[in-house]
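Okay, sequence plus prediction incoming.
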Amino acid sequence: MKSILALAVAAIAFTSASANARPNCPGGQGYWEEVVRNVRVCDTSQETYTVTFKDCRYHGILNLGHLWHQPTSYLPRTKVIWDTKHAQSSCPSTEFRSESTTYWYKNSSGYQSIATAHYTGWVNKISENTRTEERTRTVETNCRTEQRVTRVFRCGFEP
């Protein structure tokens, strides 16, 4: 009976020692350490809300500004604008617009060079449509700090 008891004790000691043995630890020995961390925890809920947008359509003519050089190809004197802008509150009845483009010209040495032409003018609102979108967001309430305990395996012997 004593021999069976001695064998059982030896088997338990061997299995607990091998359970804490790690091949990547020097000597294969280690221990479990409990690490306490502070964690931010909140209750969460989903909230649906509505966002309103305006689609504003504009039309107008922009006029070509002063050219510092004579273009080597056709450059229109006016530019017709059809545009849609998106806003969240309101659409202005008119808007000032400015656009730029590049053009080729011959410089004083006779070589082709590039210059910039500017078109400016006012465009008028021709229509305004309102649309809505349903969106969802996560709301955090009752936020607090809680302690979490995790077990971490450490190589070596327990200090």
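Perfect, I can see it now. The structure presented is a predicted model; accordingly, all values stated were derived computationally and were not measured. Residues are numbered from 1 along each chain as shown.

got the contact list for residue 120?
With contacts defined as C-beta atoms under 8 Å, 6 or more residues apart in numbering, residue 120 is in contact with 62-63, 65, 96-99. To be clear about C-beta, it is placed using only N, CA and C from the backbone, and glycine gets the same treatment.

Buried only: go through these for me.
Among these, those classed as buried by neighbour count (16 or more other C-beta atoms under 10 Å) are 62, 97.

quick one: which of the contacts of residue 120 sit in helices?
The helices, defined by DSSP state H, take in nothing from the contacts of residue 120.

what comes into contact with stretch 41-54?
86-91, 128-146.

Now, of those, which are buried?
Among the contacts of stretch 41-54, those classed as buried by 16+ other C-beta under 10 Å are residue 91.

any idea which helix or strand of this structure has the worst average confidence?
helix 2-19 (a mean of 46; mean pLDDT, DSSP states H and E).

Please enumerate the strands of this protein.
Defined through DSSP state E, the strands belonging to the chain, from first to last, are 30-64, 78-87, 94-106, 112-155.

how about low-confidence regions in the chain?
By pLDDT under 70, the low-scoring segments of the chain are 1-23, 159.

For the most centrally placed residue in it, name its beta-bridge partners.
When the chain is reduced to its mean C-alpha position, the nearest residue by C-alpha atoms, centre = their mean turns out to be residue 137, at 15.7 Å. Applying DSSP bridges to residue 137 gives these bridge partners: residue 47.

OK, contacts around it?
With the criterion set at C-beta under 8 Å, 6+ apart, residue 137 makes contact with 46-47, 49.

possible to save the strands of the chain as a markdown table with distance to residue 72?
As requested, the strands of the chain are arranged in a markdown table below (distance: least, C-beta to C-beta, whole Å):
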| stretch | distance to residue 72 |
| --- | --- |
| strand 30-64 | 16 |
| strand 78-87 | 19 |
| strand 94-106 | 5 |
| strand 112-155 | 7 |
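
With respect to residue 70, which of these lies nearest?
Nearest of these to residue 70, taken as C-beta to C-beta: strand 94-106 at 5.9 Å.

quick check: angle from the closest one to strand 112-155?
For the pair strand 94-106 and strand 112-155, the angle between their directions (axes from the mean of the first three to the mean of the last three C-alpha atoms, to 10 degrees) equals 110 degrees.
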